[in-house]
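Colleague: A predicted structure for the sequence below; I have some questions about it.
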Amino acid sequence: MHGTCRNIFAALAMLLTAPCFSQSAADQQASLAAHIQKARGYLDEKRPDLAIPELQAATAIDPENPETQGNLGVLLYFQGKPLEAIPHLRAAVERQPGISKIQGLLGLAEVHTSDIAQGRKDLEAAFPLIAAEKFKVEVGLELVSVDTQSGDLEEASVVLAQLRKAAPDNAEVLYAAYRVYSDLSGESMLALSLAAPDSAQMHQMLAHEEIRQGDTDGAVKQFRKAIALDAHLPGVHFELAELLNTSGDAAAKREAEQEYRAELAGNPQDEKSILRLAEIDARDGHTPQSYQEYAKAVQLQPADADAKLGLAKTLIGMNRSEEAVKLLEETVQLEPTNATAHYRLATLYRKSGRSDDAENEIKLYTKYKDMKEKLRGLYKDLQRTPREISADELDQK
């Protein structure tokens, strides 16, 4: 009987205490919901300062909820409290891996609070997964900055390549690319000068430096030295020819043609050299030869807008307008800002009675011609490369 009483009392105790536990859990859930609801209300009112205490109370009740932790971390970060934000952002990432936006923000917070090593890891993990362009640019540029400061220019260039695909017209991205590629160039120049100061490659590089400084004669001399050391150096004959071809001297232009042919002797599939020879033959009135060379250039590199434009102009001279129209249409698809192609296309459209299309092409021609004129004004004090000069002259024809 005694044992039975103990069992009954024990059962009664369980019955009495069970509702207490259930009520406590229910109270906690109700309190949690109330804090979250209040936080949402304050956010709707654009009062993150009031929402933060509510989310802090919510995370104290349920620290395992990644959404609440993440939201609190985001608010703290944008309130200028990255150090306070980090534990909550980290908790969200650990409890729900793959939330790239939160991990990206975590990386930014860590970098901004001098935890560079961990910040870099989180930025690297988040960056490839971020879809939103604006935030991808922010995270990517921060990662580029970290890589650059640590001297890892190769890694910075890899990130920039992805950024340029994601945001090709973003000024910050383009400037960062300019800085990193310039630093890479300087680093490579120093390494080459230490490793092989008397090599053909060293003189080829010095020629490019002379071009950058606007010293064409100095560049020609350096290219000649490179060729004397290694006549089979890839690209060196073409690069020398590019300089000589811009000269007003007839003898230099004849030598340029020889250098283009020398490049082709080493690489018969060099499309750029074939294209230049086509331009020379077109300039000299050798239409059949020019046509064959342009056609081969287009065959070798169908995405070369210059080759297609040159072939189209040759076909116009041969009274093969329908073929020329197709090539010009492909040209403006490849290079929408090519004013010359738009002008030529407008002329052919007008001749074939397509007045509306011709008018549209004239508008595009005017737009891009004006744009080029503004760019010329912007860069008038800068040294242009021979190819840029040649392209400018071509646009005026």
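Modeller: Ah, there it is. If you're wondering where the values come from, they're calculated on a predicted model, not measured in any experiment.

Colleague: which ones are touching Arg276?
Modeller: Contact partners of Arg276, counting by CB atoms under 8 Å, 6 or more residues apart in numbering, are Phe238, Ala241, Glu242, Asn245, Ala256, Tyr260. (C-beta placed from N, C-alpha, C; glycine too.)

Colleague: Please point out which parts of the helix or strand hosting it sit buried.
Modeller: Assigned by DSSP states H and E, Arg276 falls within helix 271-283. Judged by neighbour count using 16 or more other CB atoms under 10 Å, the buried positions of helix 271-283 are Glu271, Lys272, Ser273, Ile274, Leu275, Arg276, Leu277, Ala278, Glu279, Ile280, Asp281, Ala282.

Colleague: hmm, back to that, which members of the contacts of Arg276 occur in helices, if any?
Modeller: Phe238, Ala241, Glu242, Asn245, Ala256, Tyr260 (DSSP state H).

Colleague: Could you identify which of those has the most neighbours?
Modeller: Of these, Ala241 is surrounded by the most neighbours, 28 neighbours in total, counting by other CB atoms under 10 Å.

Colleague: that older thread, in a markdown table: the contacts of Arg276, plus distance to Gly377 and pLDDT.
Modeller: Putting those into a markdown table (distance: CB to CB, whole Å; pLDDT from 0 to 100) gives the following:
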| residue | distance to Gly377 | pLDDT |
| --- | --- | --- |
| Phe238 | 30 | 97 |
| Ala241 | 30 | 97 |
| Glu242 | 25 | 97 |
| Asn245 | 26 | 94 |
| Ala256 | 29 | 97 |
| Tyr260 | 32 | 98 |
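
Colleague: Mind giving me the packing neighbours of the helix or strand in which Val220 is found?
Modeller: Counting by DSSP H and E, the secondary-structure element that holds Val220 is helix 216-229. Based on contacts counted as 3 or more CB pairs under 8 Å, 6 or more residues apart in numbering; DSSP states H and E, the elements that helix 216-229 packs against are helix 200-212, helix 236-245.

Colleague: now for the first one, which elements pack on it?
Modeller: Right, the one you point to is helix 200-212. Under the contact criterion of 3+ CB pairs under 8 Å, 6+ apart, the helices and strands touching helix 200-212 comprise helix 171-195, helix 216-229, helix 236-245.

Colleague: mind listing what's buried in it?
Modeller: Judged by neighbour count (16+ other CB under 10 Å), helix 200-212 contains these buried residues: Ala200, Gln201, Met202, His203, Gln204, Met205, Leu206, Ala207, His208, Glu210, Ile211.

Colleague: Closest one of these to Leu264?
Modeller: Within these, proximity to Leu264 (CB to CB) peaks at Gln204, which comes in at 18.5 Å.

Colleague: Please report how far the nearest residue to that closest one once chain neighbours are set aside lies from Val236.
Modeller: Counting by CB to CB, 6 or more residues apart in numbering, Gln204 lies nearest to Ala226, which is 4.4 Å off, once chain neighbours are set aside. Here the criterion is CB to CB, to the nearest Å. By it, Ala226 lies 5 Å from Val236.

Colleague: who touches both of the two?
Modeller: With CB under 8 Å, 6+ apart, Ala226 and Val236 have common neighbours Ala200, Gln204.

Colleague: and the spatially most central residue of the chain, which of the three is it?
Modeller: To find the centre residue of the chain, average its C-alpha atoms and take the closest one (CA atoms, centre = their mean): that gives Arg164, at 0.9 Å. Assigned by DSSP: H, G, I helix; E, B strand; the rest coil, the conformation of Arg164 is helix.

Colleague: Isn't it up against Ala177?
Modeller: Yes. At 6.3 Å, Arg164 and Ala177 qualify as touching, with contact defined as CB atoms under 8 Å.

Colleague: if we can go back for a sec, name all residues that make contact with the residue nearest to Gln204.
Modeller: With contact set as CB under 8 Å, 6+ apart, Ala226 has these partners: Ala200, Gln201, His203, Gln204, Ala207, Leu233, Val236.

Colleague: Having no further points to raise, I will conclude here.
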